[in-house]
Each structure stands twice: as structure tokens, then as C-alpha cells.
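1. Output the structure for:
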Amino acid sequence: MGVVGYFYETRTKVRTRSTHKYIPQHRSHQSHSSHRSSSSGSKRSVPTYTPPPRSNSTPPASILPDSSSSSRTTTSEEFTRIAKRVQQGLKAYGYYNGEVYGMVGTDTKAALSKFQADYDIKVTGTITPDVLEALGIS
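-> The predicted structure follows:
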């Protein structure tokens with residue numbers, strides 16, 4: 001079962017020199033804007049995007065990390081002490097041959113990367129909790 005469309009014929013008056021002609025047109029075509037010329041002078045409005053306003057508010061405490069959690073900031077002195085212990089551990093395992101001075105330089109990074117690869121630890125070349133655990137450093 002289909003839909004049948006109906007077209008009604010109307011006449012449009014066209015003026016020529018001294019006579020009037022009637023040109024048949026379909027009424028259904030007169031009502032469609034797609035059949036009109038785009039130069040008719042009417043402007044179509046184009047939607048524009050307006051971003052939502054920015055909020056300068058602080059997120060609720062329920063989604064912020066707990067300030068009493070075990071994460072803490074390592075001081076420079078504490079890091080130097082840990083780096084020395086890591087260098088000593090890497091030296092004991094044969095991965096590091098440099099001076100134990102507590103600074104993570106290129107030799108220490110290379111030793112860490114090799115150690116991490118050999119012990120199936122994610123290779124970062126940095127001192128990570130997994131490296132500390134593998135070396136028995138707490």
C-alpha cells in the first residue's frame with residue numbers, strides 16, 4: 001500500500017509584449033522553498049555554537065583525594081638518601097659501576113632501565129615503588 005501524491009495545476013500570469021500567457025505550474029512546487037531561487041533576498045539563519053560558561057568553582061570534597069592519604073612529598077634530602085640506596089643496590093647486583101652520590105644521572109638511569117627489564121618491571125629508567133620493592137628498600 002503506497003501513498004499517492006496529488007498535484008494541483010494553477011496558472012501563473014506571464015506578461016509578454018502585448019499578450020498575456022498563462023503557464024501551468026504545480027501548486028505543490030510553489031510551496032517548496034527548495035524550488036525557490038536563493039537570490040530571493042531572504043537570509044536563512046545559521047545556528048551558531050555557544051560554549052557553556054566556565055566555572056571557577058572548586059570540585060566538591062567528595063571527588064578530591066583524601067589529604068590524610070599515604071601520598072606524601074619527598075624532600076630533596078630524603079630523595080638523595082633513597083637514590084644512594086638504589087645506586088648501592090644496583091651496584092650490588094652488578095647493574096651500576098658509578099659513584100654512589102645520590103643523583104640520578106645517565107649512568108643510574110641506564111642501570112635502572114636494565115634492572116627493570118631484567119626483573120619484568122615497567123621500564124622507566126626512574127626510581128619507582130616497584131624498583132624499591134625489588135631492591136628491598138623501604
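
2. Only C-alpha atoms from now on, for both contacts and neighbour counts.
-> OK.

3. Tell me the pLDDT of residue 43.
-> pLDDT for residue 43: 66.

4. now the strands for this structure?
-> For the chain, the strands defined by DSSP state E cover 9-15, 20-26.

5. Least confident of the ones you listed, on average?
-> Taking the mean pLDDT of those, strand 9-15 comes last: a mean of 49.

6. Now do the contacts for residue 125.
-> If you count contacts by CA atoms under 8 Å, 6 or more residues apart in numbering, residue 125 has them with 108, 109, 110, 111, 112, 113, 116.

7. what sits against the first one?
-> Under the criterion of CA under 8 Å, 6+ apart, the contact list for residue 108 reads 87, 96, 98, 125.

8. Let's see if you can find the most crowded of the residues you listed.
-> When neighbours are taken as other CA atoms under 10 Å, the top entry among the contacts of residue 108 is residue 87 (25 neighbours).

9. Give me the spatial nearest neighbour of that residue, chain neighbours excluded.
-> Excluding the flanking residues, the one nearest residue 87 by CA to CA, 6 or more residues apart in numbering is residue 100, at 5.8 Å.
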